[in-house]
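>>> take a look and give me a structure for this.
(2 chains)
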Amino acid sequence: MTLRTIVLTASVAIAVTAGLACAVLVGLGAMLDDRIVDLEESMASQRIAARLDHRLLVQQLSTSPSARAVAESEIRPWLSEARLHVQSAEEAAILDDLEEALDAYWSSLAEAQGSERFARALEDVNRLWLVNQRQQQAARDAATRTQARARLIGGFGVAVIVLLTTGLLAWLRRLAFQPVFAVLDAMARFAAGDLTARAPERGPAELRVLALTTNQLADGLARMRRQQLEYIAGVVHDLRNPLAAVQLAAAYVSPSRALPPERRIREIFSMIARQLKRMNSLVGDVLNAVRLDAGVFELLPQPTDLRELVSEAVTLFQTMAPTHAIRVELPQDGPRAWLLVTCDPKLIEQVLNNLLSNAIKYSSPGSRVTVRLEAEGDGAVLEVQDEGRGIAQEELQSIFQPFHRGFSAHEEASGVGLGLYVSRRVVEAHGGQLTVESRMGSGSTFRVSLPLEGPKRIAREKAAPPAPRLLELGGA
Amino acid sequence: MSADILIVEDSEDIRETLADILRMDGHTVRTAADGMDALQQIDDRFPQLVISDVEMPRLGGQAMVLRMFTENLGRENIPLILMSASPTLPGVAAALGTPYFIQKPFEISDLESCIQVALTEAIPPRPAAALAT
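Have a look, this model is predicted:
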């Protein structure tokens, strides 16, 4: 269930309860009002009964006929008024009886008959008083009952609202606040250096998503950290081999040994130079990789004739690796313009050198390495094809990862350490692509495609460096 | 003590320089560029000691030791010094059951001491993977 649904449901329940309680209380209030009106009616009727009683007694004491006429003219409106306050059939019947009795009383002239009729009228007045007294009591009782009911319903409503609110708060605490605190706690532990800290993925849907996203972020940061450590280990490993060679060379001419012949010393020094060059190129690759990752890599693009670039590189490798037959396929004819590709020639040369050096390293002496340059669409395509043992299908993407050691676990393959990674990033920074096709046993072809108009993406890469942002989050 | 030593190392610079130094120390030294080459040379003549890199093309150090152990009688008793830049070298040595290993880069004197100990004790590797089968 989602947090939204639960809070909504609880809020609706509270609102409905409150609404019902209010409606019932309003109803009870109206009922109470009715009882009060009843009470007022009864009291008014009673007052009239008392006045009638008093007036009749006064008239009975006086014997003059004019007094009787005065009394009649006073009493009749009171009777009409009493009719207005009638609340029951009984009361109406009593009033009828009273009116009848009074009419009889006032029309009787004989003394004896008169006192008998007076007594009857007086008794009816008395009954009127009593019936109103009963009605008053009934209205009072009803009002008391209504009040008690209102208290009960009001109390119950308040209790239900308090219970629901408490329940909602308790639920929020257990199912909403606790997961939030658990996520905060996990983040705090992660920030403090516990890379295994993860938030429990429980509670309502939104908080599970929050925990999941937090955990994914933590996974990503932990993975980045692991990759950084592996990266450093890779750099260290790849520096150790040339260091070992140089250290051995130093031992060769140590004071405790006889000096080797001059020819051998020259060989040793050229070996030192070679190994230093390797170390220097590795350090350069590391720096380039760091700059590429940080998005502060600067290209110096200029119109470049790729044919010259290819020829120079191939000539260099033909001298360095006479064991392999390096063949070049350049387009001889056609318009020259397309060959001028806008690129950073030094970097593209590095890419080509890296691909050539890999091709030579991973193929047997005597085999052929072909470098091919072609026009394709709006760009140029540069291919380096070897007849080596090839790359397994599952390795085709991972060889572009830093310090991947897959297909040969080859100590000497320092080029694979960062070379392909940096090469691919350099080509991509030019707006091109570096891809590979390979078949086990028959060799690999690395393919660089470059757009003629050159790099477009430099500005964007600079503007949005992806890695440092994540690192800042991790350090916060 | 001079001995018949086989160096297995794919970096020519390291292999030949080390071979030269050990020859100057009075050892008889042969070299191999990878495990396959080394197995061939061992078959030609058993050396008293093999100094081998771990990560090599064609046949790496670990696979080479396994084959020395399982294939031909006698090759399994040749002591082995592992020599690598890999940070996991102690683990690899433990897995191959050899007490002798040296991390690149190293002082030549350290390797020389290691060679003397290995020649004296002559404890052959006992690879756990081969013993389990």
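
>>> need the mean per-residue confidence for stretch A:258-278.
Confidence over stretch A:258-278 (mean pLDDT, whole number) is 89.

>>> try stretch A:319-329
85.

>>> give me the distance between the two termini of that stretch.
Terminal residues of stretch A:319-329 lie 18 Å apart, using C-alpha to C-alpha, to the nearest Å.

>>> tell me the secondary structure at B:Leu82.
Secondary structure state of B:Leu82, per DSSP: H, G, I helix; E, B strand; the rest coil, is strand.

>>> ugh, typo on my part, it should be B:Glu16
Under three-state DSSP, B:Glu16 comes out as helix.

>>> now for it: which residues touch it?
For B:Glu16, the contact set (C-beta atoms under 8 Å, 6 or more residues apart in numbering or on different chains) comprises B:Thr31. Using the backbone N, CA and C atoms, a C-beta is placed for each residue, glycine as well.

>>> all helices of chain B, in order?
Assigned by DSSP state H, the helices in chain B fall at B:12-24, B:35-44, B:61-70, B:89-96, B:108-121, B:128-132.

>>> who are the packing partners of the second one?
This points to helix B:35-44. Applying 3 or more C-beta pairs under 8 Å, 6 or more residues apart in numbering or on different chains; DSSP states H and E, we find helix B:35-44 packed against strand B:4-8, strand B:28-32, strand B:49-52, helix B:61-70.

>>> turn the ones you listed into CSV, columns for mean pLDDT, distance to B:Pro90 and mean neighbour count.
Below are those laid out as CSV (pLDDT from 0 to 100; distance: least, C-beta to C-beta, whole Å; neighbours: other C-beta atoms under 10 Å in any protein chain shown):
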stretch, mean pLDDT, distance to B:Pro90, mean neighbour count
strand B:4-8, 96, 19, 23
strand B:28-32, 96, 24, 19
strand B:49-52, 96, 15, 26
helix B:61-70, 88, 14, 22
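
>>> chain A is nearest to which of those?
Nearest to chain A, of all the helices and strands packed on helix B:35-44, is helix B:61-70, at 9.4 Å by C-beta to the nearest C-beta.

>>> got the residue ranges for the helices in the stretch 301-450 of chain A?
Here the stretch 301-450 of chain A has its helices, by DSSP state H, counting those that start in this stretch, at A:306-320, A:345-361, A:414, A:420-429.

>>> tabulate those helices in a markdown table, adding columns for mean neighbour count and distance to A:Ile14.
As requested, those are exported to a markdown table (neighbours: other C-beta atoms under 10 Å in any protein chain shown; distance: least, C-beta to C-beta, whole Å):
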| stretch | mean neighbour count | distance to A:Ile14 |
| --- | --- | --- |
| helix A:306-320 | 17 | 76 |
| helix A:345-361 | 22 | 68 |
| helix A:414 | 23 | 71 |
| helix A:420-429 | 22 | 58 |
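
>>> of these, which is nearest A:Arg226?
helix A:420-429 (16.5 Å; C-beta to C-beta).

>>> got a list of contacts for the closest one?
Taking C-beta under 8 Å, 6+ apart as the rule, helix A:420-429 contacts A:285, A:288-289, A:292, A:297, A:299, A:344, A:347-348, A:350-351, A:354-355, A:358, A:399-402, A:404, A:433-434, A:448-450, A:455, A:457-458, A:461.
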